[in-house]
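# Sequence and computational prediction follow.
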Amino acid sequence: MRSGVEPEDNRMAEELMTQAREDWPVGMKAWEERARSILAREAFDWISGGAGEEATLRANRAAFERTRLRPRVLTGTTSRDLTVELFDTPSTAPFMLAPIGGQAVAHKDGELAVARAAKATGVPMLISQAASHSMEDIAAECDDASFWYQLYMVNDREVVASLVGRAEACGARALVLTVDSAMVGWRDRDLRNGYVPFLKDEGIRQYTSDPVFRSRLTDTPESDPKAAGAAMMQMFPHPSLSWDDLSWLRDQTSLPIVVKGILRGDDAHRVMKLGMDGVIVSNHGGRQLDGAVAALDALPEVRDAVDSDSPVLMDSGIRRGADVVKALALGADAVLLGRPFVYGLAVGGQEGVEHVMTTLKAEIDLAFVLTGVGRASDLDRSFVTTA
């Protein structure tokens, strides 16, 4: 007698169990603790910490814990499809890798290792403007795999235009404009540690590899890296950032523009009216404004404000496969994975990142089965409730 589930449909979880190294952590909390034991305190705090008293950091997780799944049974989930595609960017699972800066703080290969892992797993990465390697070098590691480029609108438009042109030239499929960081948040851990990686020549390679930024310097970044970091930090704050800047950016590129850092429906509606192509619901992983609403709590309002044909993504607090399913049920087309893959990078370089992603994919696949859905588009708000 044949079982109702073909062997190949269980292959993801089975392969994970047979291929897992005995010394790999199990569970995202264990990956975090392993990374803590490996990294210097200031580096770990910079990756894991949040703004102020870290109330928003905690609220992100509390929102997922408060949101409970309502599974359907007897739905026949023998066949599952985890894939999604956004702006001609296919992903083997309904998540992508968030644009986290300064990844060489976690591992010497930084974004290069992450790019190789992204290509190997078929899960696209978002290249950060605060990367430890140039976008061209990272794109070369991505090879033919799709990626997006994250953009901060610094206070020098000529530098912004140059970065946009470079992102187009190296093959980015979309720009991700982060709008919740007109100034850097107040982060107690970094202040206690006196830790500013940008002044240590970390996370500034997009700038120091940019000809327009270099033209603003008295000395080359190679001869005076600390001055280059200081120049970048002087260029970053942009409290006058406004809707006019979005209109200007729209005129600079034909690439899709996804606006990241949206927590209100009215802001999402206005973003789309200005010709943007999608939004990412995010509070920057709790790293910017302490006391801000949890991203998951903001997701339904934003989804309702955006046309159903326009993508809405979500980040901040994603840790497990069930989290992804909850976000999809509340309206996200996909999510961004942040700190967990950086913990994987710290613990095991490229291999660690791949294992974290493969584990999350297996968890999502199992959560689909147990929730009673075959694909992301099957999920809606009937699958969740608030405890």
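Thanks, I have the structure now.
# who's in contact with the closest residue in space to Asp81 that isn't next to it in sequence?
Among residues not flanking Asp81 along the chain, Arg375 sits closest, at 4.5 Å (CB to CB, 6 or more residues apart in numbering). In short, each C-beta sits where N, CA and C put it, glycine included. If a contact means CB atoms under 8 Å, 6 or more residues apart in numbering, then Arg375 has Arg80, Asp81, Leu82, Phe368 as its contacts.
# Can you spell out which helices and strands pack onto the longest helix along the chain?
Across the chain, the helix with the greatest residue count (assigned by DSSP state H) is helix 339-371. Contact here means 3 or more CB pairs under 8 Å, 6 or more residues apart in numbering; DSSP states H and E; on that basis helix 339-371 packs against helix 11-19, helix 28-38, helix 41-48, strand 95-97, helix 110-121, helix 321-329, strand 334-337.
# which one of the ones you listed is the most hemmed in?
Of all the helices and strands packed on helix 339-371, strand 95-97 has the most neighbours on average by mean count of other CB atoms under 10 Å, namely a mean of 28.
# quick revisit: and the pLDDT at the residue nearest to Asp81?
For Arg375, the model assigns a pLDDT of 96.
# Repeat that for Pro237.
89.
# Hmm, Leu82 is touching Ile364, no?
Yes. In this structure, Leu82 is within contact of Ile364 by CB atoms under 8 Å, at 6.0 Å.
# the more surrounded of those two?
Ile364 (25 against 19; other CB atoms under 10 Å).
# Kindly provide the distance from that one to Thr385.
20 Å (CB to CB, to the nearest Å).
# and Val26, how many neighbours does it have?
Val26 has 9 nearby residues by other CB under 10 Å.
# ok, it - contacts?
Contacts of Val26 by CB under 8 Å, 6+ apart: none found.
# All the strands of this structure, in order from the start?
67-69, 84-86, 89-91, 95-97, 125-127, 147-152, 175-178, 257-262, 278-281, 312-314, 334-337, 384-386 (DSSP state E).
# Of all those, which one is nearest Met28?
Met28 sits nearest to strand 334-337 of all the strands of the chain, at 9.9 Å, using CB to CB.
# so what does that closest one touch, helix or strand wise?
By 3+ CB pairs under 8 Å, 6+ apart, strand 334-337 packs against strand 95-97, strand 312-314, helix 321-329, helix 339-371.
# which outside residues touch the first one?
Just to be clear, that refers to strand 95-97. 89, 114, 118, 123-126, 148, 313, 318, 324, 334-337, 341, 357, 360, 364.
# can you tell me which of the helices and strands packed on strand 334-337 comes nearest to Arg187?
Nearest of these (CB to CB): helix 339-371, 14.3 Å.
# Please tell me how far the closest one is from the chain's geometric centre.
14 Å (CA atoms, centre = their mean, to the nearest Å).
# sorry, back to before: can you add mean pLDDT and distance to Leu163 and give the helices and strands packed on strand 334-337 back as JSON lines?
Output for the helices and strands packed on strand 334-337, formatted as JSON lines (pLDDT from 0 to 100; distance: least, CB to CB, whole Å):
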{"stretch": "strand 95-97", "mean pLDDT": "98", "distance to Leu163": "20"}
{"stretch": "strand 312-314", "mean pLDDT": "98", "distance to Leu163": "21"}
{"stretch": "helix 321-329", "mean pLDDT": "98", "distance to Leu163": "29"}
{"stretch": "helix 339-371", "mean pLDDT": "97", "distance to Leu163": "23"}
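# Can you say which of the ones you listed is nearest to Pro71?
Minimum separation from Pro71 across these (CB to CB) falls at helix 339-371, 4.8 Å.
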